[in-house]
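**Student:** Pasted the sequence and its predicted model underneath.
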Amino acid sequence: MYTHRSSQILYRLVRLTIVGVLLVSCAQLTPTRTPELTATLVASREAATQTPTDTATPTPTATRAPTPSPTPTINQIKEGIQKSLDLYALAYTNNDENLLGQAVDQAPPFWRFVTTRFEDFQKSFAGGQIKFSYTVQDVRRRDFGFVEARVMMTGGYEADWLFHEQDGKWLLAEPSAEQMGEPKITEREGFTFQTWGWADDTNSQVIDRMSNARQRVLKVLGKVPDQKATVHIKPVYAISPFDDPFAVAYYSAGYRGQDDNIEIFSPHSYGFGEYDLATGWQKELEDILTHEYTHMVHRRSFDNAGQVCAWMVEGLAEYVTGDEHQAEVRYAISTGKIIPIVDTREAYYKQDLNHLMLLRVDRGLAYGFSVALVTYVTQKYGGLDGFWKLARACDKNPSFGDAVQQSFGVTFDRFNTDWLAWLKKY
């Protein structure tokens, strides 16, 4: 399984954090909004009254039915959501999971989903680097008592998240899998799509963007497989509650005649996360789908060459997408947080680009270094032909240094020294 960690916490959140940090260092950052914790959502409740029956025959006392709460106004809903967003921002700023619990519905599996992403971000190189701010822009009512809020956040990013009322508070939440109902099937060239009615406002756009992604991969790599992929467009995490919580999307190979699979959170979901306000979620979505489809093409059309070196797999997918990750890579270089190609200190759980999925922290940052390394190889050693040459050599040599020597006629020390020098100008 290959995951694209362009998730809310790992990558886009890292990116917007780094942009904020760089602006702070240049003394150009407009102070973020101080969370206002005084806004409260007050719902008036009238006690039910009961008029006694005037009859000669005593009658049993009727059980008093609860009086339903009045339907809150849009302004009341926005005030309640803003209060939760302020708590959510403080939780991220101060690494306070208790505050997170006051802003988020703690029912499983959504709570596990949110806290896993939260904890992973706090361990990353970007944790504790910025003061977060979230502001509700507008809301729309959805089924089952949910409200979808368009949220503005630090760094010029937006998200569309769901909230529902619980004990007078508007908490970040999601519907259950049962509430989503049965999926629908749609066929397109190269794909079978599985969608849910909850996301019908965006499903057709996701399908179109997947077709565009196929053409983008074909243009860069020169071929795509005839084999179909089944694409699951998930509106909520509960649809697949044991999937990787870090991934906005992932690709997995099918076996024994089964289709390959691409999983993607639909736009307007917590799982999809933030998108750049300047470009909109459509571009973000298509880039993610291009990344995942590149994994499938890599496996089916190029024999998964270089699979033993994780940076080749993820770096190639970002290279085809055209995402250079320059902001976070440059920041990491400036602070000395360079992830090595080969870790010579650890004997087993190596913390390097060759073992990207074993990294204890900063996997999102590793995607940036991986695409930078692919770019370096293509620029210095003959384009994608040079990349594939090194990839195939890696599959045949247990030593990455031997693979470099065989492919390019240079020692690993020389290759690594030149790479680090190139990286300083990235």
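**Tutor:** Received, thanks. Numbering: from 1, shown residues only.
**Student:** any idea how far stretch 248-256 is from the chain center?
**Tutor:** Centroid displacement of stretch 248-256 relative to its chain, using C-alpha atoms, centre = their mean, to the nearest Å, is 17 Å.
**Student:** list the buried ones in that stretch?
**Tutor:** Neighbour-count burial for stretch 248-256 flags V248, A249, Y250, Y251, S252, A253 (criterion: 16 or more other C-beta atoms under 10 Å). Quick note: C-beta positions are derived from backbone N, CA and C, even for glycine.
**Student:** need the residues you listed in a markdown table with distance to D138 and pLDDT, can you?
**Tutor:** Converted to a markdown table, the buried residues of stretch 248-256 look like this (distance: C-beta to C-beta, whole Å; pLDDT from 0 to 100):
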| residue | distance to D138 | pLDDT |
| --- | --- | --- |
| V248 | 24 | 93 |
| A249 | 27 | 94 |
| Y250 | 31 | 95 |
| Y251 | 34 | 96 |
| S252 | 37 | 95 |
| A253 | 41 | 94 |
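**Student:** got CSV for those residues, with distance to W170 and secondary structure too?
**Tutor:** Putting the buried residues of stretch 248-256 into CSV (distance: C-beta to C-beta, whole Å; DSSP: H, G, I helix; E, B strand; the rest coil) gives the following:
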residue, distance to W170, secondary structure
V248, 25, coil
A249, 28, strand
Y250, 31, strand
Y251, 36, strand
S252, 36, strand
A253, 41, coil
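**Student:** Those residues into TSV, with extra columns for distance to Q102?
**Tutor:** Output for the buried residues of stretch 248-256, formatted as TSV (distance: C-beta to C-beta, whole Å):
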residue	distance to Q102
V248	26
A249	30
Y250	31
Y251	36
S252	36
A253	41
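**Student:** And these, which is closest to L100?
**Tutor:** Using C-beta to C-beta, V248 is the member of the buried residues of stretch 248-256 that lies nearest L100, at 20.1 Å.
**Student:** Surely the closest one touches E274?
**Tutor:** No: V248 is beyond contact range of E274, at 10.0 Å (criterion: C-beta atoms under 8 Å).
**Student:** and which of the buried residues of stretch 248-256 is nearest to R214?
**Tutor:** R214 lies nearest to Y251 out of those, by C-beta to C-beta, at 13.1 Å.
**Student:** ok, now which ones touch the closest one?
**Tutor:** M1, Y2, A229, D260, N261, I262, E263, E292, Y293, H295, M296 (C-beta atoms under 8 Å, 6 or more residues apart in numbering).
**Student:** tell me which helix or strand of this structure sits lowest on mean pLDDT?
**Tutor:** helix 12-25 (a mean of 45; mean pLDDT, DSSP states H and E).
**Student:** immediately after it, which helix or strand?
**Tutor:** As assigned by DSSP states H and E, the chain's next helix or strand after helix 12-25 is helix 74-94.
**Student:** And the next helix or strand after that next one, how far out from the chain middle?
**Tutor:** Going down the chain from helix 74-94, the next helix or strand is helix 97-103, by DSSP H and E. Chain-centre distance of helix 97-103: 20 Å, with C-alpha atoms, centre = their mean.
**Student:** what's helix 97-103 packed up against?
**Tutor:** On a contact count with 3 or more C-beta pairs under 8 Å, 6 or more residues apart in numbering; DSSP states H and E, helix 97-103 meets helix 74-94, helix 110-123, strand 169-172.
**Student:** okay if I get those as CSV plus mean pLDDT and mean neighbour count?
**Tutor:** Conversion of those to CSV gives the following (pLDDT from 0 to 100; neighbours: other C-beta atoms under 10 Å):
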stretch, mean pLDDT, mean neighbour count
helix 74-94, 97, 21
helix 110-123, 94, 19
strand 169-172, 98, 22
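**Student:** nearest to Y381, of the ones you listed?
**Tutor:** helix 110-123 (34.2 Å).
**Student:** In PDB, please show the C-alpha coordinates belonging to the closest one.
**Tutor:** Provided in PDB are the C-alpha atoms of helix 110-123 (Å, rounded to 0.1, in the frame of the first residue of the first chain):
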ATOM      1  CA  PHE A 110     -13.800   9.700  14.400                       C
ATOM      2  CA  TRP A 111     -12.000  10.600  17.700                       C
ATOM      3  CA  ARG A 112      -9.200   8.100  17.100                       C
ATOM      4  CA  PHE A 113      -8.900   9.600  13.600                       C
ATOM      5  CA  VAL A 114      -8.600  13.200  14.800                       C
ATOM      6  CA  THR A 115      -6.200  12.400  17.700                       C
ATOM      7  CA  THR A 116      -3.900  10.200  15.700                       C
ATOM      8  CA  ARG A 117      -3.300  13.100  13.200                       C
ATOM      9  CA  PHE A 118      -3.000  15.500  16.100                       C
ATOM     10  CA  GLU A 119      -0.300  13.500  17.900                       C
ATOM     11  CA  ASP A 120       1.700  12.900  14.700                       C
ATOM     12  CA  PHE A 121       1.800  16.600  13.900                       C
ATOM     13  CA  GLN A 122       2.900  17.500  17.400                       C
ATOM     14  CA  LYS A 123       5.900  15.100  17.000                       C
END
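**Student:** So which residues make contact with the helix or strand just after that helix?
**Tutor:** Per DSSP H and E, helix 110-123 leads on to strand 134-141 as the next helix or strand towards the C-terminus. With contact meaning C-beta under 8 Å, 6+ apart, strand 134-141 is reached by 33, 74, 77-78, 81-82, 85-86, 88-89, 147-154, 158.
**Student:** and strand 134-141, which strands flank it?
**Tutor:** strand 146-153 (antiparallel) (DSSP bridges).
**Student:** which residues sit against the helix or strand just after the strand it pairs with?
**Tutor:** Once strand 146-153 ends, the next helix or strand along the chain (criterion: DSSP H and E) is strand 157-166. By C-beta under 8 Å, 6+ apart, the residues outside strand 157-166 that reach it are 8, 12, 16, 72, 77, 80-81, 84, 105, 137, 142, 144-153, 170-175, 267-270, 272-277, 281.
**Student:** and strand 157-166, which strands flank it?
**Tutor:** Partners of strand 157-166, by DSSP bridges, with direction: strand 146-153 (antiparallel), strand 169-172 (antiparallel), strand 275-276 (antiparallel).
**Student:** Report the residue spans of the stretch 51-200 of the chain with pLDDT below the cut-off.
**Tutor:** In the predicted model of the stretch 51-200 of the chain, residues 51-69 satisfy pLDDT under 70.
**Student:** which residues does A249 bridge with?
**Tutor:** H4, I264.
**Student:** whoops, I mixed them up, E187
**Tutor:** Applying DSSP bridges, one finds that E187 bridges with T192.
**Student:** count of neighbours near it?
**Tutor:** By other C-beta atoms under 10 Å, the residues close to E187 number 9.
**Student:** Ok, E178 next?
**Tutor:** If you count neighbours by other C-beta under 10 Å, E178 ends up with 7.
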